[in-house]
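Novice: Need coordinates for the below:
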Amino acid sequence: MTDEELAHASNVIGYGAVKYFDLKQNPSTNYIFNYDRMLDTKGDTAVYLLFAYARLASILRKAKDEKDVIIENNLQDAATTITLDHPAERALAFKILQFTDVVLSVLADLQPTNYVTIYQI
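Specialist: Predicted coordinates:
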């Protein structure tokens with residue numbers, strides 16, 4: 001990673017951390033600005049979510065490179081059946097199915113806090 005790419009990534013992660021932290025705060029309570037909580041690598045933070053995304057992208061890339069598995073092709077094939085055997089898989093699927101309702105709730109209440117707190121996975 002070049003110095004320029006590193007600086008860009010730092011800016012994106014920092015901005016995301018502050019933005020996500022802001023969205024988590026209920027506007028009717030006192031706001032406490034805390035870099036340590038914003039940049040925590042564990043728990044409900046943007047840094048953790050970005051790390052999880054990078055890890056998932058790496059897994060998909062390795063699946064393609066090492067096993068010739070192209071996820072996009074499987075998702076576009078209407079005949080593909082996805083079996084959810086593990087309870088965590090089912091729980092995730094149910095959360096995904098609730099996404100539209102949560103977004104509509106946020107739009108109706110104008111409270112993005114609801115999205116962040118209700119839709120945690």
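Novice: Was I right to think residue 27 contacts residue 113?
Specialist: Yes - using C-beta atoms under 8 Å, residue 27 makes contact with residue 113 at a distance of 7.2 Å. Glycine gets a C-beta too; all of them are placed from N, C-alpha and C.
Novice: These two: who's more crowded?
Specialist: A side-by-side neighbour count of residue 27 and residue 113, using other C-beta atoms under 10 Å, places residue 113 first with 17 against 10.
Novice: does the more buried one count as helix, strand or coil?
Specialist: When classified by DSSP: H, G, I helix; E, B strand; the rest coil, residue 113 comes out as helix.
Novice: what residue ranges in this structure are flagged as low confidence?
Specialist: Along the chain, segments meeting pLDDT under 70 span 74-75, 77-80, 114-121.
Novice: Run through the helices of it in chain order.
Specialist: Ranges of helices within the chain are 3-24, 35-38, 46-67, 71-76, 87-97, 99-109, 112-118, based on DSSP state H.
Novice: List the buried residues in the third one.
Specialist: Right, the one you point to is helix 46-67. Neighbour-count burial for helix 46-67, counted by 16 or more other C-beta atoms under 10 Å, picks out 46, 47, 50.
Novice: ok, so of those residues, who is nearest residue 88?
Specialist: residue 50 (21.0 Å; C-beta to C-beta).
Novice: so who does that closest one touch?
Specialist: Contacts for residue 50 (C-beta atoms under 8 Å, 6 or more residues apart in numbering) come out as 13, 16.
Novice: how far away is it from residue 37?
Specialist: Using C-beta to C-beta, to the nearest Å, residue 50 is found at 16 Å from residue 37.
Novice: how about the nearest residue to residue 84, chain neighbours excluded?
Specialist: If the residues on either side of it in the chain are set aside, residue 84 comes closest to residue 90, at 4.8 Å by C-beta to C-beta, 6 or more residues apart in numbering.
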